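next input, structure requested:
(one chain, ligands or ions: 1)
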Amino acid sequence: MRILVSFVGGNMNKISVRAPGRINIIGEHTDYNHGYVLPAAINLGIQMEVETNEQNRVSLYAKDLNEQFEFELTDEQIQTNKHWATYGFGVVKELQKLGAKVKGFHATFFGDVPQGSGMSSSAALECSLAFALNKLFDLQLSEWDLIKAGQMAEHHYVGTKCGIMDQFASILGEKDQVIFLDCFNLNYNYVPLQLNDYEILLLNTNVAHSLADSEYNTRRAQCEEGVQLLKQHNLIEHTLREIPAKDLEKIKLILPSLIFNRCQHVIEENERVLSACTALQKHDLNSLGKLMYQSHKSLKNLYEVSCAELDFLVDFAKKEPAVLGSRMMGGGFGGSTISIVKSDETANFIEQVSLAYQQQFGIDLTPYSVTIEDGASIIST
Ligand code: GLA
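Model (predicted):
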C-alpha cells in the first residue's frame with residue numbers, strides 16, 4: 001500500500017514532464033460503480049513542456065496538431081471546438097478550485113498515445129499538465145489532488161462523467177506492476193505482471209464511434225438507477241458489488257431487464273477482477289485469458305458498449321492458439337482490444353489479423369506491443 005504524498009518543489013521557470021496512457025487488464029465500467037479495476041501505465045504517453053510567462057494568460061500548444069489556444073487565468077469558461085483545449089482549461093480550473101495559485105504559463109505538448117484508442121490519451125493530457133503545474137508553481141498538491149483534478153476536468157468541462165481509473169494509473173502507475181484498485185475506498189496495491197513468454201498486444205481499431213460520450217453517461221445513469229432500486233429494497237447499502245453473482249436471480253424481478261443487464265455486468269465483472277488477481281498471483285495466464293474473453297462477452301451483450309470492429313478482433317483472436325485472452329478495453333464503441341499473445345507468434349498474429357480486418361472493414365488497424373511503465377515523472381527542469 002502506498003501513501004499519497006505531497007510533492008515539494010523549488011524555484012524554477014520551466015519543466016518538462018511525461019504522463020502515460022494506460023491499459024486495463026480487466027474491470028471495465030466498474031470504476032464509476034465503486035468496483036474493482038486492474039489498470040497499469042504504459043510506454044505511450046504525453047510529454048508536456050511548461051514555462052512561466054509572467055502574465056495572467058495561459059497559452060497551450062498542441063504540437064502534433066499544430067494548434068494553439070489561449071485563455072486568461074480568470075476566465076470561467078471558454079468557447080472552442082478544440083477538444084484538447086477543454087481538457088487543459090478544465091485542469092487549470094480544477095487546480096484553482098483546490099486553492100492552487102496557478103500563474104501564467106505557456107505549455108507545449110506532444111505524444112504517442114493515440115486519441116480515441118481506449119488508452120486514455122485524455123488522462124495523459126490532464127495528468128501531464130496537472131503534474132507539471134504542481135511542480136513548476138510548487139502548489140503542494142498531493143497525488144490524489146492531481147488525479148481528482150483530472151477526473152473533475154472531464155466531469156465539469158468536457159462533460160464525461162468518467163471514473164477514476166485512468167488518472168489513477170497515469171499518476172500512480174509503476175513499472176511492471178498492475179494496480180489493483182478498489183474504487184469504493186480507494187485502497188490499492190500493486191500486483192506484478194509476469195507474462196514470461198507472453199506479451200500485451202493492443203490492436204487499435206482506428207474507429208471511434210460518436211456514441212461513446214453520450215452512451216458512457218447513459219450507462220452510468222442506468223447503473224445508478226439500479227443502485228437506487230436495490231437500496232429501496234434494502235438489498236444493498238452502497239454499491240452493486242454487495243450482491244454476489246450467485247444471487248443475481250434474486251434481483252432479477254426487482255430491476256427492469258435493461259437495468260438488470262447493466263448491473264449483472266458490473267457485479268460479475270467485479271468478481272472477474274478478483275479472480276484475475278488470483279490468477280496473476282498464481283502465474284495462471286490461461287485462467288486470466290478466459291476471464292478476459294468472458295469480460296468481452298459481457299461488455300458486448302449485457303453492457304452493450306462494444307461494436308462490430310472490436311467484436312471482429314476478439315472473435316479472430318479466439319481462434320488463435322497463440323492468444324490466451326482478448327477483450328475490448330476502455331469506454332468502448334471503438335478504440336482498442338487488449339490481448340495476451342505468445343511473444344514469438346505476435347508478428348504472425350498481427351499480420352493475419354491486420355489482413356482479415358482490412359478485408360472486412362477496409363480499415364488498417366494499428367498494433368501496439370506495450371510495456372508497463374511508471375506513472376507521471378519529470379523529464380527535466
Ligand atoms: C473510460 C473512463 C474510465 C472507465 C473506462 C471504462 O476510460 O475514463 O473511468 O470508466 O472508460 O472502464
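
give the burial count for residue 226, as a bare number.
Around residue 226 there are 27 other residues, counting by other C-beta atoms under 10 Å. Backbone N, C-alpha and C define where each C-beta goes, glycine included.

sec struct for it, please.
Look at residue 226: counting by DSSP: H, G, I helix; E, B strand; the rest coil, its state is helix.

can you check the pLDDT for it?
Looking at residue 226, its pLDDT stands at 98.

hang on, it packs against residue 263?
Yes. Using C-beta atoms under 8 Å, residue 226 is in contact with residue 263, at 4.2 Å.

need the residues touching each of the two.
Residues touching both residue 226 and residue 263 (C-beta atoms under 8 Å, 6 or more residues apart in numbering): 240, 255.

give the contact list for residue 114.
Residue 114 sits next to 44, 121, 204, 366 when contact means C-beta under 8 Å, 6+ apart.

interface residues of the stretch 1-150 of the chain facing the ligand?
Selection of the stretch 1-150 of the chain residues close to the ligand by C-beta under 6 Å from any ligand atom yields 28, 29, 31, 32, 120.

among those residues, name the ones in helices.
Among these, no member is found in helices (DSSP state H).

list only buried entries from the residues you listed.
Buried members of those, counted by 16 or more other C-beta atoms under 10 Å: 28, 29, 31, 32, 120.

once you drop chain neighbours, what's closest to residue 216?
Distances taken as C-beta to C-beta, 6 or more residues apart in numbering place residue 331 nearest to residue 216, at 5.3 Å, with adjacent residues excluded.

next one: stretch 71-82 to chain centre, how far?
Distance of stretch 71-82 from the chain centroid (C-alpha atoms, centre = their mean, to the nearest Å) equals 25 Å.

averaged pLDDT, that stretch. What do you get?
Stretch 71-82 comes out at a mean pLDDT of 96.

before we move on, what about stretch 178-191?
Averaging pLDDT along stretch 178-191 yields 98.

list the buried residues in that stretch.
Neighbour counts using 16+ other C-beta under 10 Å place 178, 179, 180, 181, 182, 183, 188, 190, 191 of stretch 178-191 among the buried residues.

hmm, residue 60 and residue 88 touching each other?
Yes. Between residue 88 and residue 60 there is a contact at 4.7 Å, judged by C-beta under 8 Å.

and the pLDDT at the residue nearest in space to the middle of the chain?
Nearest to the mean C-alpha position of the chain, counting by C-alpha atoms, centre = their mean, stands residue 166 at 3.3 Å. Note for residue 166: predicted pLDDT of 98.

state the helix or strand in which residue 22 lies.
Counting by DSSP states H and E, the element that carries residue 22 is strand 14-24.

any idea of the mean pLDDT in the helix or strand just after that strand?
Elements were assigned by DSSP H and E; along the chain past strand 14-24, the next helix or strand is strand 36-37. Over the span of strand 36-37, the pLDDT mean works out to 98.
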